[in-house]
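Trainee: below is the sequence, then the predicted model.
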Amino acid sequence: MDRTKILIIEDEEAIADLLAYGLGREGFETRIAGSGADGLRELKQFQPNLLVLDWMLPDQSGLDICRQVTAKYNIPILMLTARSDITDKILGLEVGADDYITKPFDLREVVARIRTILRRLAQAQQAVEEAAPSVIGFRDIIISPAERLVTKHGETVDLTPKEFDLLMTLLGARGKIFTRAELLQFVWGYDFPGDMRTVDTHIQRLRKKLDAADLITTVFGIGYKFEKRTD
């Protein structure tokens, strides 16, 4: 059985080595990149299952790397940050990170958060495969839940893992109004101790990528829903 692969993009050698050692002992296969540019190259070659990404890198910010990764790859991201301000943490989630952890950290917590992210994704994928039809189509959009693939006009639409899960959550109950808190719980798997802007940001990106502002609608003062009619 292939081991789960984790790419660590961290410029502090001591922290990167600690993470690689600890994750290796837990059975993960790891690779280290010390800069954003090296990390993007390793991402193509190594094809990891999860990315551990430092917020501050010597050549570019972790946020910029996060944006580039989520625009091209369907891969979960755990951000490492020395920033403790809640606004910074929300920003990381808004640009596509799945979770964050603040330095200094306990290695056991890092391992636990990684396992939680991977378990949540596996459970979401299993639920999609069991509950959803093999293909979902509306207008010029085709969704293959098992492959986590979305196409529009025959062209692949690059959705982040969270954008795809958000789409499937809304599609799974067309016409149902979801509050922001419900979507945060269903898609992110926990109650985030901040405002709900991360849900709004993901909804906006989803609408733009699918050109579906009239299908994913806002119920003012409550939340969002996917319209029953798609013609």
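Mentor: Alright, I've got the coordinates.

Trainee: which SS state does residue 92 fall under?
Mentor: helix (DSSP: H, G, I helix; E, B strand; the rest coil).

Trainee: give the contact list for it.
Mentor: 55, 62-63, 66, 79, 81, 100 (Cβ atoms under 8 Å, 6 or more residues apart in numbering). C-betas here are computed from N, CA, C, even on glycine.

Trainee: any regions of the protein where pLDDT drops low?
Mentor: Applying pLDDT under 70 to the chain picks out residues 1-2, 84-87, 124-125, 127-133, 189-195, 230-231.

Trainee: what segments of it are strands?
Mentor: For the chain, applying DSSP state E gives strands covering 5-9, 29-33, 50-54, 77-81, 99-102, 136-138, 141-144, 149-152, 155-156, 178-179, 216-219, 223-226.

Trainee: ok, and the most crowded of the contacts of residue 92?
Mentor: residue 79 (27 neighbours; other Cβ atoms under 10 Å).

Trainee: TSV for the strands of the chain, including distance to residue 20?
Mentor: As requested, these are exported to TSV (distance: least, Cβ to Cβ, whole Å):
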stretch	distance to residue 20
strand 5-9	6
strand 29-33	4
strand 50-54	10
strand 77-81	13
strand 99-102	16
strand 136-138	40
strand 141-144	35
strand 149-152	32
strand 155-156	33
strand 178-179	39
strand 216-219	40
strand 223-226	40
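
Trainee: what is the burial count for the spatially closest residue to residue 173 that is not a sequence neighbour?
Mentor: Of all residues not flanking residue 173 in the chain, residue 226 sits nearest, at 7.7 Å (Cβ to Cβ, 6 or more residues apart in numbering). When neighbours are counted by other Cβ under 10 Å, residue 226 registers 21.

Trainee: got it, and residue 138?
Mentor: Around residue 138 there are 17 residues (other Cβ under 10 Å).

Trainee: what sits against residue 144?
Mentor: Residue 144 touches 134-135, 150, counting by Cβ under 8 Å, 6+ apart.

Trainee: show me which of those are buried.
Mentor: residue 150 (16 or more other Cβ atoms under 10 Å).

Trainee: now, which of the contacts of residue 144 sits nearest residue 212?
Mentor: residue 150 (10.9 Å; Cβ to Cβ).

Trainee: what is the longest helix seen in the chain packed up against?
Mentor: For the chain, the helix with the greatest residue count under DSSP state H is helix 107-131. For helix 107-131, the elements it packs on are helix 13-25, strand 50-54, strand 77-81, strand 99-102, helix 161-171, judged by 3 or more Cβ pairs under 8 Å, 6 or more residues apart in numbering; DSSP states H and E.

Trainee: hang on, the earlier thing: return the set of residues that bridge with the residue nearest to residue 173.
Mentor: Partner residues in beta bridges with residue 226, using DSSP bridges, are residue 216.

Trainee: measure it to residue 160 for me?
Mentor: Using Cβ to Cβ, to the nearest Å, one obtains 18 Å as the distance from residue 226 to residue 160.

Trainee: likewise residue 91?
Mentor: Residue 91 is 15 Å from residue 160, by Cβ to Cβ.
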